[in-house]
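*Asks:* here is the input, now give the coordinates:
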Amino acid sequence: MGENQSMIQIKNLEKTFVTKSATVHALSDINLDIRAGEIFGIIGLSGAGKSTLVRCMNYLEVPTKGEVIFDGQSLGEMSEKELRKARQSMGMIFQQFNLLAQRNVLDNVCFPLEIAGVAKKTAREKARKLLTMVGLEDKEKAYPAQLSGGQKQRVAIARALATEPKVLLCDEATSALDPTTTKSILELIKEINQKLGITIVIITHEMSVIEAVCNRVAIIDKSKIAEMGEVSEIFAAPKSKIGRQLIFTESFQDVPFGSEKMYRIIFDGHSSYEPIISKIVMECKAPINIWFAESRNLNGNAVGQMIIQLPEDEMIANRIVNYLETEKIRFEEVISDGSTSC
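*Replies:* Model (predicted):
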């Protein structure tokens, strides 16, 4: 399969729920192209439509309008039998694990294979290999009640992989876990992606999860896609208000945008704060007021931004802008609420 070939395409998707009292537009005009082999993140606040979107991806929720194309085939045009087969190629893990309490770990992993009609001996051999992959080979006889949250999620991951899916859909899969356990589960998900080449879609409300494992991300807000792109690009320079809200710390909200001439300097892994600012001060012989600065490590590169206030003297301000342009430093003027002027 080609490197940039699509695994899931969503075209003009809408989902409306009609109740006795109201009509709720859960999703509006969603367009996504998730590439084969990537880890794609979908993030938004509670109620933004994330979980509805992931359920539309495997047609557990049938879209009101639009199309979902999975591995080149439209789910909406499939028969029930074809749809069931397609769903076997989409593993799913959830926040609450959804393990069967009356079955031990091995039998939980075997469950989807039983449904698929796989012989018991073959299913058990496969389940044991998967339990080894997720680091629980010594827990096959244990029951869910005897496991920690992280162990339960590892069982759920092994179960989701049992049918050899092409896609793994993770709906808030780490939300019920502590930070250390979350980290280990995300490392496991990344390892599975690298070893098996499975396309992974992560639905979350936590930017730290996106930051840890995703290649690209779509930010969903009030049922629509607010922005989408490479994680490093979105983190360095979020274009939407919800993007800035999710990514930046609370101190960003204290910047008095609109009151002075301000510029955002964007760091994309090829530059660092101190040399740039000190060079501007020395070269332009002008003081600079730094209102906000934040960076984070993404795959070994520093990405982030700095908000600076330029001097009131227009000649000096222009000199600084010219210096940034000459040095090919990414920057843009910002206005009210931190949005760009372009």
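
*Asks:* flag the shaky bits of this structure, pLDDT-wise.
*Replies:* Within the chain, the set of residues satisfying pLDDT under 70 comprises 1-3, 249-260, 268-275, 295-302, 335-342.

*Asks:* need phi/psi at the residue nearest to the spatial centre of it.
*Replies:* With the centre of the chain defined as its mean C-alpha position, the nearest residue by Cα atoms, centre = their mean is residue 41, 1.8 Å away. According to degrees, to the nearest 10, the main-chain angles of residue 41 amount to phi -100, psi 140.

*Asks:* you'd agree it is up against residue 220?
*Replies:* No: the pair formed by residue 41 and residue 220 falls short of the contact definition of Cβ atoms under 8 Å, at 10.5 Å. From N, CA and C alone the C-beta is placed, and that goes for glycine too.

*Asks:* beta partners of the residue nearest to the centre of the chain?
*Replies:* Listed beta-bridge partners, residue 41: residue 202, residue 217 (assigned using DSSP bridges).

*Asks:* quick one: it and residue 314, what's the gap?
*Replies:* Applying Cβ to Cβ, to the nearest Å, the value for residue 41 to residue 314 is 42 Å.

*Asks:* what of residue 12?
*Replies:* Taking Cβ to Cβ as the measure, residue 12 and residue 314 are separated by 47 Å.

*Asks:* would you map the helices across the stretch 51-200 of the chain?
*Replies:* Ranges of helices in the stretch 51-200 of the chain, per DSSP state H, counting those that start in this stretch, are 80-88, 105-115, 120-133, 149-161, 179-196.

*Asks:* highest mean neighbour count out of those?
*Replies:* When these are scored by mean count of other Cβ atoms under 10 Å, the highest mean neighbour count falls to helix 149-161 (a mean of 24).

*Asks:* helices or strands up against it?
*Replies:* strand 90-94, helix 105-115, helix 120-133, strand 167-171, helix 179-196 (3 or more Cβ pairs under 8 Å, 6 or more residues apart in numbering; DSSP states H and E).

*Asks:* give me that answer again for 7 Å
*Replies:* Using 3 or more Cβ pairs under 7 Å, 6 or more residues apart in numbering; DSSP states H and E as the contact definition, the elements that helix 149-161 packs against are strand 90-94, helix 105-115, helix 120-133, helix 179-196.

*Asks:* so which of these gets nearest residue 204?
*Replies:* Between residue 204 and those, the shortest gap by Cβ to Cβ is with helix 179-196, which sits at 10.2 Å.

*Asks:* run the chain-centre distance for that closest one.
*Replies:* The chain centroid and the centroid of helix 179-196 are separated by 14 Å, computed with Cα atoms, centre = their mean, to the nearest Å.

*Asks:* please apply the same query to stretch 13-28.
*Replies:* Stretch 13-28 sits 24 Å away from the centroid of its parent chain (Cα atoms, centre = their mean).

*Asks:* report how far apart the opening and closing residues of that stretch are.
*Replies:* End-to-end distance of stretch 13-28 (Cα to Cα, to the nearest Å): 6 Å.

*Asks:* the residue nearest to the centre of the chain touches residue 210, doesn't it?
*Replies:* Yes: Residue 41 sits in contact with residue 210 when judged by Cβ atoms under 7 Å, with a separation of 4.2 Å.

*Asks:* I'm done for today, thanks for sticking with me.
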